[in-house]
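Q: Kindly return the folded structure for what I paste below:
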Amino acid sequence: MSIAATTPFSVLDRSRTREGHDAPQALRDTVRFAGRIEALGYHRFWVSEHHSVPGVAGSAPAVLAAAVAAATSTLRVGTGGVMLPNHQPLVVAEQFGVLESLFPGRIDMGLGRSVGFTDGIRRALGRDKQDADDFPGQLAELLGYFTGTQTAHPQVHARPAEGLRVPAFVLATGKGARVAAEAGLPLVIAAVRGEDAMLRAIEGYRRDFRPSGWGERPYVVVSGTVAVAATTEEARRLLLPEAWSTAYSRTHGTFPPLRSVDAILSTAMTARERTLFEDALRGQLYGTEDEVAAGLEKLLARSGADEYLVTTSTYDRAALLDSYRRLAALTGLTALTGRQADST
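A: Numbering: from 1, shown residues only. Here you go, the predicted model:
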C-alpha cells in the first residue's frame, strides 16, 4: 500500500528527555535515531532549539545538526528551527556556512521567529520580546550574508557562508507565513490553531509569494504528529506521553520529561489537567495504516502540501521507530525490512 508516493516525508526530532534518562542520553538517541530514519528513506531530519526546558535536550541545533550529519550520509539535515531573534544573523550565517562546507548539499536552514520563552531566558540570551518584531530584517540580513548583499554591516563578510547556498525555510509562527511569502522562501506550517486556520495561512502564502533567488515558486511543508500502529488504540497510546507533558506544562509552568503510558494512566489528574490532556490529543493523526493513509490523503489533497514533516514524540523509542517504519511503508518511502533499519 502506498499513498502520495511523490510527496517527500521528513522528520523533526526535538530530543525529548524521558523519565529515568538524562539529557545527554536524549541527544545520543537523536543521533542514533537519525541513522534509522535515513535507512527508512525519509527526506530530511531536523532538530530544534529550546532553552532551559527540562523536557527537551536540544538547545544548540547547529551543533546537534553537525553530529547528525556526521552520523548519516544521504539524509538532508537541518533545523526546525533556529530561533533567529535569539541570535545575531552573522553568527547563524557562520554556523550554517561551516555546516554546508563540511556536508555540502545536505544542509537545511529552518528559521523561526520565537524569542526566549520566559523573561529569565530572554535576559540570559540578551534579548526581549520586541526582538521578534524585527524578524523580517534579521532574515534579510542573514540571507544577505550568503549572497554578499547585506547592508546592515557593509564591511562585514560571513566566512565561509558567503557564496554558499543553504536552503532556508520559515516556520509559520505568528506572521511567519507572510514573511515567508515576501522573502520568497519555503513555508513550514502546522495546524496549531486548527486545520482551517492553517489552510487559510497557506492560501495567503501562495497568493502573496514573491519569487526570489531562494525560491521561484511557493513550497509548503505541512508539519504534524502522525502515529501508526497495529491497532487504533496502540497508536493512540503513542500520543499519551506528549499530551500529558503538554497538560502538565500548562498547569505547572514547566515542560517535563516524557513519562511512560502506564505511569500516566495511573496518575490522578485534576479536572483541568484532564481537560487539557484530552485537548492535546485532538486533531492528531493516528491509527492503523489504512486509517492514517486515509487521513494523510485528505490532508495532502486539501493543503496541496509539497512535503510533510512528521513531529511525533513518545516515551517508548522502539514503538516510535515502529510507527515511523509503518509510515515509511505506507507512503512508499522504502522497501527496507525492520531488521535492516534496526541494524543501522
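Q: Show me where the stretch 101-250 of the chain dips below the pLDDT cut-off.
A: Low-confidence regions of the stretch 101-250 of the chain, defined by pLDDT under 70, span residues 116-117, 119, 128, 130-132, 174.
Q: and the residue of the chain positioned farthest from its centre, which of the three is it?
A: No residue in the chain sits farther from the centre than residue 155, which is 34.4 Å out by C-alpha atoms, centre = their mean. Following DSSP: H, G, I helix; E, B strand; the rest coil, residue 155 is assigned to coil.
Q: quick one: the helices in the stretch 151-300 of the chain?
A: Secondary structure of the stretch 151-300 of the chain (DSSP state H, counting those that start in this stretch): helices at 176-183, 195-208, 232-252, 261-265, 271-281, 289-303.
Q: Buried deepest among those helices, which one?
A: For these, average neighbour numbers computed from mean count of other C-beta atoms under 10 Å are highest in helix 176-183, which has a mean of 22. (C-beta placed from N, C-alpha, C; glycine too.)
Q: which strands and helices sit next to that one?
A: Helix 176-183 is packed against helix 135-147, strand 168-171, strand 187-190, helix 195-208, with contacts defined by 3 or more C-beta pairs under 8 Å, 6 or more residues apart in numbering; DSSP states H and E.
Q: Output these in CSV; the columns should cover distance to residue 78.
A: Below are those laid out as CSV (distance: least, C-beta to C-beta, whole Å):
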stretch, distance to residue 78
helix 135-147, 14
strand 168-171, 8
strand 187-190, 10
helix 195-208, 20
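Q: do you know which of these lies nearest residue 214?
A: Between residue 214 and the helices and strands packed on helix 176-183, the shortest separation by C-beta to C-beta is 6.0 Å, and it involves strand 168-171.
Q: what's next to that closest one, contact-wise?
A: Strand 168-171 is touched from outside by 78, 80-81, 108-113, 139, 142-143, 176-177, 179-180, 183, 185-189, 214, 221, with contacts defined as C-beta atoms under 8 Å, 6 or more residues apart in numbering.
Q: what does stretch 129-149 give?
A: Residues beyond stretch 129-149 that count as contacts (C-beta under 8 Å, 6+ apart) turn out to be 84-86, 89-90, 92-93, 97, 111, 113-115, 122, 150-152, 157-158, 161-166, 168, 170, 174-176, 179, 182-183, 213-214.
Q: One more pass at 6 Å, please.
A: Applying C-beta atoms under 6 Å, 6 or more residues apart in numbering, the external contacts of stretch 129-149 come out as 84-85, 89, 92-93, 113, 115, 150, 152, 158, 161-162, 164, 179.
Q: which parts of it are buried?
A: When neighbours are counted by 16 or more other C-beta atoms under 10 Å, the buried residues of stretch 129-149 are found to be 131, 132, 135, 138, 139, 140, 141, 142, 143, 144, 145, 146.
Q: picking up where we left off before, can I get the helices of the stretch 151-300 of the chain in CSV with distance to residue 70?
A: As requested, the helices of the stretch 151-300 of the chain are arranged in CSV below (distance: least, C-beta to C-beta, whole Å):
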stretch, distance to residue 70
helix 176-183, 30
helix 195-208, 34
helix 232-252, 28
helix 261-265, 33
helix 271-281, 35
helix 289-303, 32
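Q: Residue 53 is nearest to which of those helices?
A: When the helices of the stretch 151-300 of the chain are compared by C-beta to C-beta, helix 232-252 sits nearest residue 53, at 9.0 Å.
Q: what sits up against that closest one?
A: Applying C-beta under 6 Å, 6+ apart, the contact partners of helix 232-252 are 55, 227-229, 255-256, 258-259, 261, 264, 273, 276-277, 280-281, 284, 286-287, 313-315, 319.
Q: Let me know the closest of the buried residues of stretch 129-149 to residue 27.
A: For the buried residues of stretch 129-149, the nearest to residue 27 is residue 142 (25.6 Å; C-beta to C-beta).
Q: which secondary structure element contains residue 28?
A: Take DSSP states H and E as the rule and residue 28 turns out to sit in helix 23-39.
Q: Return the list of helices and strands in contact with that helix.
A: For helix 23-39, the elements it packs on are helix 61-71, judged by 3 or more C-beta pairs under 6 Å, 6 or more residues apart in numbering; DSSP states H and E.
Q: what sits up against the next helix or strand after the helix it packs on?
A: Next along the chain after helix 61-71, taking DSSP H and E as the criterion, comes strand 76-79. Counting by C-beta under 6 Å, 6+ apart, the neighbours of strand 76-79 from elsewhere in the structure are 44, 45, 46, 61, 65, 68, 69, 106, 108, 110.
Q: which ones are touching the second one?
A: By C-beta under 6 Å, 6+ apart, the contact set of residue 45 is 11, 34, 37, 75, 77.
Q: May I see the ChimeraX selection of the buried members of those residues?
A: Restricted to the buried members of the contacts of residue 45, where burial is judged by 16+ other C-beta under 10 Å, the ChimeraX selection command reads as follows:
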select :11,34,37,75,77
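Q: Can you lay out the contacts of strand 76-79 as JSON lines showing distance to residue 241?
A: Output for those, formatted as JSON lines (distance: C-beta to C-beta, whole Å):
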{"residue": "44", "distance to residue 241": "24"}
{"residue": "45", "distance to residue 241": "21"}
{"residue": "46", "distance to residue 241": "21"}
{"residue": "61", "distance to residue 241": "22"}
{"residue": "65", "distance to residue 241": "25"}
{"residue": "68", "distance to residue 241": "23"}
{"residue": "69", "distance to residue 241": "28"}
{"residue": "106", "distance to residue 241": "31"}
{"residue": "108", "distance to residue 241": "27"}
{"residue": "110", "distance to residue 241": "24"}
